[in-house]
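> Structure for the following, please:
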Amino acid sequence: MTAQPARLERIGPETDSVVDVSPFKPPLVRAVFRDVTPMHVSRSATWAAASVTRTVLTEVITAARRAAAAEARKKLIPRDLLSAIDRNVELEVGGKWYDHSPTFKGLNGVVYDAEGVIVPPRKRSRTRRPSGVAGAHRFEAGVRQLLRNQGVTAVPAMVRDLDGIASVFLTDLARDAAMVVREGGVTRFGTVTLVTSDEPDPSPSPSPSPSLQDSLRALSTRRGDARTIGGDDVLAATTIQLFGDIRQQALAEARGATQSYSSTQLIAGPPVEEEVVDRPPVREIDRRG
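Have a look, this model is predicted:
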């Protein structure tokens, strides 16, 4: 028999062969975006958001694993999560989950409304805006895969906390990406310096590296379709959600994921413009009398 030549298949939106981007699959990521915005979501935005979420959860699990290792444990418990955040404030993400989780009960301080009245925790967690809390269970498979990747397990309460943090973080990321599209770029920048009340005023922090400055400057002005969230919009949203070393790491890994996706698209078929997912079909109307 004549050997059949190998056939290159076009990579679709659900395919994982582009790059081992994230255990959080494209359908899940797009579902989160649909919860917060009616805008179209490009495939590169989907890969970028999945990659950023994976980076954040990997760092949280890594820090919790170190806390557990200090007690000679390989099964993570909620106390390890608290230790991880206490040791590295950059990991304090998905804050809306904290009002919902028993792990953080009594640790969130007091919240006041505009009239100076204390807002009860239950009322604080009720909002008409999607927060990601209700859909946390959708992230369990991805979270368990990340735990396996690091050779650890977790008690159910810890898994639920990680699910919730992933869900709330990605929801906030999607909302900020939509804001970047609406506002035409990132219009608000700032720096964070951590001190205690008894410490003197800190000296000015060193300027960011030239490469990081160039990256932030490039993301401050948006180009592209005003109805579509692109990969750069997700990167811009990442600069809003994260800071410090974890921000740089998330940006670098997300760029690598989207570049690998683009390269595979070129290998798999003729160059085409970036496809947009979730675009509703256009109905043609016959106006001939």
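> show me what contacts the residue lying closest to D245 once chain neighbours are set aside?
Nearest residue to D245, sequence neighbours excluded (CB to CB, 6 or more residues apart in numbering): E90, at 6.6 Å. The way it works is simple: take the backbone N, C-alpha and C, and place the C-beta from them, glycine included. With contact set as CB atoms under 8 Å, 6 or more residues apart in numbering, E90 has these partners: E59, L242, F243, G244, D245, I246, R247.
> got it, and V56?
L91, V93, A166, F169, L242, I246, A250.
> quick one: pLDDT of it?
You'll see V56 listed with a pLDDT of 97.
> Against G94, how distant is it?
Distance of V56 to G94, computed by CB to CB, to the nearest Å: 8 Å.
> go on, V117?
V117 is 26 Å from G94, where distance means CB to CB.
> Which one's more surrounded, those two?
G94 (29 against 9; other CB atoms under 10 Å).
> Isn't G231 up against A45?
Yes - contact status for G231 versus A45: in contact at 5.2 Å, counting by CB atoms under 8 Å.
> Pick out whichever of those two has more residues nearby.
The residue with more neighbours, out of G231 and A45, is A45; 30 against 26, by other CB under 10 Å.
> OK, contacts around V133?
Residues counted as contacts of V133 (CB under 8 Å, 6+ apart) are K96, W97, H100, S125, G164, S167, V168.
> do that again at 7 Å, thanks
K96, W97, H100, S125, G164, V168 (CB atoms under 7 Å, 6 or more residues apart in numbering).
> Need the three-state assignment for it.
The three-state assignment at V133 reads coil, by DSSP: H, G, I helix; E, B strand; the rest coil.
> Please report how far it lies from A236.
25 Å.
> With H100 instead?
H100 is 28 Å from A236, by CB to CB.
> who has more neighbours, these two?
Comparing H100 with A236 by other CB under 10 Å, the one with more neighbours is A236, at 26 against 22.
> For burial, what's the neighbour tally of E92?
Around E92 there are 13 residues (other CB under 10 Å).
> Tell me the confidence at it?
92.
> wait, D163 sits on A134?
No - using CB atoms under 7 Å, D163 is not in contact with A134; the gap is 11.5 Å.
> which of those two has more neighbours?
Taking other CB under 10 Å, D163 and A134 do not tie; D163 has more neighbours (23 against 12).
> Doesn't the more buried one belong to a helix?
Yes - secondary structure of D163 (three-state DSSP): part of a helix.
> In contact with it: list those residues for me.
Applying CB under 7 Å, 6+ apart, we find D163 in contact with A136, H137, F139, E140, V143.
> how close does the residue nearest to D245 get to V168?
In terms of CB to CB, E90 sits 16 Å off from V168.
> do the same with L147
19 Å.
> And those two? Which one has more around it.
Higher neighbour count among L147 and V168: V168, with 24 against 21, using other CB under 10 Å.
> close enough to count as contact, the more buried one and G94?
Yes - proximity of V168 to G94 meets the contact threshold set by CB under 7 Å, at 3.8 Å.
> Point out where this protein drops to low pLDDT.
1-21, 106-114, 116, 118-131, 187-224, 261-289 (pLDDT under 70).
> For F24, give me phi and psi.
Taking degrees, to the nearest 10, you get phi -90, psi 110 for the backbone angles of F24.
> Quick one: the helices in this structure, in order.
26-36, 43-69, 78-87, 121-125, 140-149, 156-183, 210-220, 231-241, 245-268 (DSSP state H).
> can you redo the ones you listed as CSV with distance to K105?
Formatted as CSV, the helices of the chain follow (distance: least, CB to CB, whole Å):
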stretch, distance to K105
helix 26-36, 26
helix 43-69, 18
helix 78-87, 11
helix 121-125, 8
helix 140-149, 21
helix 156-183, 12
helix 210-220, 37
helix 231-241, 24
helix 245-268, 26
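> joint contacts of V56 and G94?
Common neighbours of V56 and G94 (criterion: CB under 7 Å, 6+ apart): F169.
> For E253, grab the count of nearby residues.
Other residues close to E253 by other CB under 10 Å number 18.
> do the same with Q248
18.
> what separates it from V52, distance-wise?
From Q248 to V52 the distance is 12 Å (CB to CB).
> what does V36 give?
Separation of V36 from V52 (CB to CB) stands at 16 Å.
> And A226, by the same measure?
Using CB to CB, A226 is found at 23 Å from V52.
> quick one: which of the two has more around it?
Using other CB under 10 Å as the criterion, A226 and V52 rank with V52 on top: 29 against 9.
> I appreciate the help and will end here.
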